[in-house]
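> just the structure for this:
(2 chains)
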Amino acid sequence: QSALTQPRSVSGSPGQSVTISCTGTSGDVGAYNFVSWYQQHPGRTPKVIIYDVSERPSGVPDRFSGSKSGITASLTISGLQADDEADYYCCSFVGSFATYVFGTGTQVTVL
Amino acid sequence: EVHLVQSGAEVRRPGESLKISCEGSGYRFTNYWIGWVRQMPGIGLEWMGIIYLADSTTKYSSSSQGQVIISADKSITTAYLQWSSLKASDTGMYYCAATRNGEFAWPNWGQGTLVTVSS
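Reported below is the predicted structural model:
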């Protein structure tokens, strides 16, 4: 159960788009459409912003979108805003252990 | 709406035991899985394990297996995370999270319990 691989940091100017990748294996990301993404501001609890690869919970802006191809999932933030500056974690169900694994986390900086 | 309330911050010495709790409320909450997530200072999120409140089925991550015990009391819709012998490396923030059975994302989170292990 190794952590999923994410870039350590990404950055963009307000209004731009950024994409965060999340690479797993054929036993987790590649096996199930149960990838979710969490936003965590400093000192706050994580908040789910994408579930089941590309679904948005109610209240999450459509600037956040998710996708998956093979063993890599992606989160795209369009129209970057100052409040998007946070840490982002992907998460996948791992069938062989019937549990979950997080990504290594990506810090998004709004320039 | 599901609401999770965790027990307060704890300070312990290495070798001591500890049990922290996560109480849930909401409609048919026994039909939920509760997970425990560790976040060490300045580090990312790490799953420790999950438990199904209805029958206490428990699954541990490979790194937590044998290091902690996850349990639950469905009569009071509360899950627990316990250590028999703490180490300094157990210092961190511990979150519980909840999801309905059959769903695979975690929309509900407790406020976190800070555990400090220091001599």
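> just give the closest residue to B:Thr116, not the sequence neighbours.
Excluding the flanking residues, the one nearest B:Thr116 by CB to CB, 6 or more residues apart in numbering or on different chains is B:Val11, at 4.7 Å. For every residue, glycine as well, the C-beta is placed using N, CA and C.
> contact residues of chain A facing chain B?
Contact residues (CB under 8 Å from any CB of the partner chain) of chain A with chain B: A:1, A:3, A:32, A:34, A:36, A:38, A:40, A:45-48, A:51-52, A:57, A:87, A:89, A:91, A:93, A:97-105.
> could you redo the last one with a cut-off of 10 Å?
A:1-3, A:6, A:32-38, A:40, A:43-52, A:55, A:57, A:87, A:89, A:91-94, A:97-106 (CB under 10 Å from any CB of the partner chain).
> residues near residue 79, how many?
I went with chain A, as the question did not name one. 12 (other CB atoms under 10 Å in any protein chain shown).
> oops, wrong one, chain B.
Other residues close to B:Ala79 by other CB under 10 Å number 30.
> for it, pull up the helix or strand it's in.
Secondary structure from DSSP states H and E places B:Ala79 in strand B:78-83.
> which neighbours does that strand have in its sheet, and in what orientation?
Sheet pairing here is set by DSSP bridges, and for strand B:78-83 it gives strand B:18-25 (antiparallel), strand B:69-73 (antiparallel).
> of the residues of chain A next to chain B, keep whichever come out buried.
For those, a neighbour count by 16 or more other CB atoms under 10 Å in any protein chain shown gives the buried set as A:1, A:3, A:6, A:32, A:34-38, A:40, A:45-51, A:87, A:89, A:91-94, A:97, A:99-106.
> do the very next helix or strand once past the strand holding B:Ala79 and chain A meet at all?
Next helix or strand after strand B:78-83 toward the C-terminus (DSSP H and E): strand B:92-100. Yes - contact between strand B:92-100 and chain A, assessed by CB under 10 Å from any CB, occurs at B:93, B:95, B:97, B:99.
> for the second one, give me its contacts.
Think B:Tyr95. Shown in contact with B:Tyr95 (CB atoms under 10 Å, 6 or more residues apart in numbering or on different chains): A:45-46, B:4, B:6, B:22, B:35-39, B:45, B:48, B:106, B:109-113.
> what subset of those residues is buried?
For the contacts of B:Tyr95, buried by 16+ other CB under 10 Å: A:45-46, B:4, B:6, B:22, B:35-39, B:45, B:48, B:106, B:109-110, B:112-113.
> check the gap between the closest residue in space to B:Gln111 that isn't next to it in sequence and A:Gly43 for me.
Distances taken as CB to CB, 6+ apart put B:Gln6 closest to B:Gln111, at 5.7 Å, once the chain neighbours are dropped. Per CB to CB, to the nearest Å, B:Gln6 is found 15 Å from A:Gly43.
> could you do B:Cys96 as well?
Distance from B:Cys96 to A:Gly43, by CB to CB: 18 Å.
> can you check B:Glu46 too?
18 Å.
> again with A:Pro61
Plainly put, A:Pro61 is 22 Å away from A:Gly43 if you go by CB to CB.
> so what's the residue count around A:Ser9?
For A:Ser9, using other CB under 10 Å, the count is 12.
> that one pairs with what?
Bridge pairing for A:Ser9 - DSSP bridges - gives A:Gln107.
> who's in contact with it?
A:20, A:87, A:105-109.
> and which of the residues you listed is nearest B:Ser64?
Comparing the contacts of A:Ser9 against B:Ser64 with CB to CB places A:Gly105 closest, at 18.6 Å.
> right, and that closest one touches B:Met40 too?
No - look at A:Gly105 against B:Met40 with CB atoms under 10 Å: they stay out of range, at 12.0 Å.
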